[in-house]
Structures are given as C-alpha cells and as structure tokens.
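The following block contains a protein sequence and its predicted model.
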Amino acid sequence: MLVLAPHVDDEIIGCGGAILQSLEEGKEVHIAFLTDGRNKGSKDNAEDIIAERKEEAIDVARSIGVPEEHIHFLDAEDTNLVHEDLSKPLYDLFTTIKPNRVFLPVLIDTHIDHYAVSIKLFELYEEHPEVFEDTMLMIYEVQSPISPLYSNCVLDITTHMDKKRSLLTYYKSQNTTFKFLPIMNEFNGALLDGGKYAELYIEVSPDVYMDFISEHFQDITKYKELKSNLVVHIDYLTTLKSYDSVFKTKQLLNKINKAQG
C-alpha cells in the first residue's frame, strides 16, 4: 500500500482507516508526502514549519507502527505542486515499493495540490507506464466529499474510527478541529449494513484513470472552473452546502466509474 498525501494529515483524513486495517492485516504500508507544507504551520518561518510538519508525520507513523523508513518526503513546494517535476522521485518510489494499491486524493477538490497529485501521476504514466503494472488506484476524499453518488468502494472503518480520530490530535500545527471528518465518515457509514463509519473510494485502473485525466483535466482551467463551485466541508454548519456543491460539481467522476465498469 502506497499512500500519496499532498500534505501531512491528508493521509489520515482520507484513508486512515485503510492504513490501520492494512497494518492490522500485516500488509506493508508506505506513505509519501509530496509537498513540504511550508504554508500552514504554527512557526514563524518556512524552514521551521517544514520541520514541524515532518515531525508530526513521523510521530503519527511511529504511533501506529509504520516504520520510519516507509515514510517518504518528496519536498515539493506547498501550493506549487502542479508546477514541480516529481517524475524521478515518484519513479523511484514505484519501482522500489512495487505497490499493489496506490491511494491519492480526488482531483476535484478544494486545494490545488490535491488536483496536482493526479497530474504528477499522469506525467509519470506518460513516461513510465510500466511502473503501474499490477497496481490499482484508490481515490480518497478529503474536505470536499466524493459522496456515495460518485464512489464505487466502501470500507467499513467502524472498529478503527476512534483511533483514526485520535491520530488527528498529532497535527497540532494545523489550526483546525477536523470536525468535518467524523461527520463525513458517519454519513458514509449509512451505506453499511450494521456499521457506523466508512471511508469512500473510487477504485480504478491506471489506464482508465489516465484516459480520464487526458480527456478532461490536462488543462488546469477545467479544474479551476470546478473548484470555484465547491464549498469546503468544515463542520455541521457547512455540511449541507458542501454536499450540495459536490452533487452539482463532481458529475464528471461518474465517467470514471462508467469506464471502469
């Protein structure tokens, strides 16, 4: 399992339950942070913020049993990921780890770095499609939900929810209470028979996903157009507006599911 997180904390928000379940099952978990996070921390300068956020990432990994050598920092500039060249470090990651599942944020999201993760993978795919052999992509939600309308995979995380929630307390540099997360996971849990909390994913093959990006998202203008219509999910007060904006804005994601069959 390789988790691609644009920022420290996205890995737990988006797929913390999947990480915990994989570790419980004895699977190998790697987490790669693509940006340095310099633009959001509690310190006074970029260098200290970067160090602070890396320390948080390592503390979280250590607390759940992910070896420190399975934590990878690619150090692209926060908020500028779309313009960074990560082909070489991503190629090295894929050829070394040979992941069966690669987790990444949904590209129609409220932060441009989340969109950029898909673009970096697309660039890698164009140069080295062979590194995606025997790999499936698992697209996760962060602050703008995928919602049941556009997901095709539901993971019951009920037994892991308390731990997932507790891990968010490690991110002390972030000025947020993460109130949206249990709301989102509880809403997802309505899809379960007997479960209370769930993570939603779009499971897709690399070939199908790269065709989708090529057709719709190589031009950043399309992303910016859709992003402008999304409402960030912060807490209960923004839940209805957030989900309403998702239903109106993310219909393109259904093309992935249709192509995947």
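Sure, I can see it. Residues are numbered from 1 along each chain as shown.

list the buried ones in the helix or strand bottoming out on mean pLDDT in the chain?
One helix or strand of the chain scores below all others by mean pLDDT, DSSP states H and E: helix 46-64, with a mean of 93. Neighbour-count burial for helix 46-64 flags 49-50, 52-54, 56-58, 60-61, 64 (criterion: 16 or more other CB atoms under 10 Å). No exception for glycine: its C-beta is placed from N, CA and C like everyone else's.

so which of these comes closest to Asn152?
Ile64 (26.8 Å; CB to CB).

wait, the closest one sits on Leu23?
Yes - the pair Ile64 / Leu23 is scored as a contact, 6.2 Å apart, by CB atoms under 8 Å.

which one in the chain is furthest away from the centre?
Asp44 (27.1 Å; CA atoms, centre = their mean).

what helix or strand does that residue sit in?
Per DSSP states H and E, Asp44 falls between elements, in no helix or strand.

before we move on, back to that, heading C-terminal from the least confident helix or strand of the chain, find the next helix or strand.
That would be, after helix 46-64 and using DSSP H and E, strand 71-76.

what's in contact with that next one?
Contacts of strand 71-76 with the rest of the structure, by CB atoms under 8 Å, 6 or more residues apart in numbering, involve 30-36, 54, 57-58, 61, 84, 86, 89-90, 93.

Strand partners (parallel or antiparallel) of that strand?
strand 30-35 (parallel) (DSSP bridges).

rewinding a little: tabulate the buried residues of helix 46-64 in CSV, adding columns for distance to Ala76.
Below are these laid out as CSV (distance: CB to CB, whole Å):
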residue, distance to Ala76
Ile49, 15
Ile50, 11
Glu52, 17
Arg53, 13
Lys54, 14
Glu56, 18
Ala57, 15
Ile58, 18
Val60, 20
Ala61, 20
Ile64, 25
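
Distance of Thr95 relative to Phe103?
Plainly put, Thr95 is 18 Å away from Phe103 if you go by CB to CB, to the nearest Å.

Equivalent analysis for Thr96, please.
For Thr96, the distance to Phe103 - CB to CB - is 17 Å.

Between these two, tell me which one has more neighbours.
Phe103 (26 against 10; other CB atoms under 10 Å).

what residues are up against that one?
So Phe103 contacts 1-4, 11, 14-15, 18, 137-140, 201 (CB under 8 Å, 6+ apart).

If we use 6 Å, what do you get?
3, 15, 138, 140 (CB atoms under 6 Å, 6 or more residues apart in numbering).

Tell me which other helices or strands the helix or strand harbouring the first one touches.
Taking DSSP H and E as the criterion, Val3 maps to strand 2-5. Strand 2-5 makes packing contacts with strand 30-35, strand 101-105 when contacts are defined by 3 or more CB pairs under 6 Å, 6 or more residues apart in numbering; DSSP states H and E.

cutoff 8 Å now
helix 10-24, strand 30-35, helix 87-97, strand 101-105 (3 or more CB pairs under 8 Å, 6 or more residues apart in numbering; DSSP states H and E).

ok, Lys222 touching Ser214?
No - using CB under 8 Å, Lys222 is not in contact with Ser214; the gap is 11.9 Å.

picking up where we left off before, among the contacts of strand 71-76, which one has the lowest pLDDT?
Ranked by pLDDT, the contacts of strand 71-76 bottom out at Asp36 (91).

which helices and strands does the host helix or strand of Ser118 pack with?
If you go by DSSP H and E, Ser118 is part of helix 112-127. Applying 3+ CB pairs under 8 Å, 6+ apart, one finds that helix 112-127 contacts strand 30-35, helix 87-97, strand 101-105, helix 206-216, helix 220-227.

Distance to Asn254 for these - can I get that in CSV?
CSV is the format used below for the helices and strands packed on helix 112-127 (distance: least, CB to CB, whole Å):
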stretch, distance to Asn254
strand 30-35, 27
helix 87-97, 28
strand 101-105, 18
helix 206-216, 11
helix 220-227, 14
